[in-house]
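>>> Let's see this in three dimensions:
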Amino acid sequence: MTQKSSKREQMRSRQRRQKKIQGILLWGGLGLVVLAIVGLNVWQAARPSVGEAVPVTGANHVAVDSDPGTYNSNPPTSGQHYPNELNTGFYETNNYKYPQAYLLHNMEHGYVIFWYNCANLSASACSELKAQIKAVMDKVNNIKVIAYPWDSIDVPVAMTSWGRLLKMKTFDAAQALAFYKANLNKAPEPDAP
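From the prediction side, this is the model:
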């Protein structure tokens, strides 16, 4: 009998050890998951911002074709706009009286916009700039990105997202890509298409 009780005691001891190890592994695994989530949030918050922050002036909708008013930056990064957006893509011509009012709605949904001005560029320099912008757009699979002609900016190209602006005197594909990655979907309604 003592041999049986000894074996039983050894088995119980082994089971207690296994339960203890399982508990340690479970809590350790949960702790690692929590640390990973916290670490990711800290890392994202600490990433350097690309472009300048522009104070957000609201997101009110106004009637289509009405004058949306003035903005606190050129090109705009927030403010009154239409309740409709433009399709993703590269626009060669401006076909709207107030395109910014449509594009702001895109930005409200997390889009990044290229605004380009070829007025002071030669035809070949303009073609090159457009090709460079299109290459970046292709690199991001044309997801939530638009390029639009904008003659009133003082640089050949600017990029905007909700509350952020990056102006470039010369196009820098790496900087453009960094701006896109840092600002995509950083908007009031990022889950909208």
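
>>> Where does pLDDT dip in the chain?
Scanning the chain for pLDDT under 70 picks out 1-2, 36, 38-49.

>>> hmm, who's touching stretch 101-110?
Identification of contacts with stretch 101-110 by C-beta atoms under 8 Å, 6 or more residues apart in numbering yields 59, 61-62, 64, 68, 75-86, 96, 111, 113, 144, 146, 148, 160-162, 184-193. Just so you know, the C-beta spots here come from the backbone N, C-alpha and C atoms, and that holds for glycine as well.

>>> Take whatever helix or strand residue 181 lives in, keep the C-alpha atoms, and write them as CSV.
Taking DSSP states H and E as the definition, residue 181 sits inside helix 173-183. Output of helix 173-183 as CSV, limited to C-alpha atoms (Å, rounded to 0.1, in the frame of the first residue of the first chain):
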residue,chain,number,x,y,z
ALA,A,173,9.9,60.1,-53.7
ALA,A,174,11.1,58.7,-50.4
GLN,A,175,9.7,61.7,-48.5
ALA,A,176,6.4,61.4,-50.4
LEU,A,177,6.2,57.8,-49.5
ALA,A,178,7.0,58.5,-45.9
PHE,A,179,4.3,61.2,-45.8
TYR,A,180,1.8,58.8,-47.3
LYS,A,181,2.6,56.0,-44.8
ALA,A,182,2.6,58.3,-41.8
ASN,A,183,-0.7,60.0,-42.7
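
>>> Counting by contacts, list what it packs against.
With contacts taken as 3 or more C-beta pairs under 8 Å, 6 or more residues apart in numbering; DSSP states H and E, helix 173-183 sits against strand 112-116, helix 123-139, strand 157-161, strand 164-168.

>>> tell me which residues of the last one are tucked away?
Put plainly, it is strand 164-168. 164-168 (16 or more other C-beta atoms under 10 Å).

>>> Repeat that for stretch 15-28.
Under 16+ other C-beta under 10 Å, stretch 15-28 has no buried positions.
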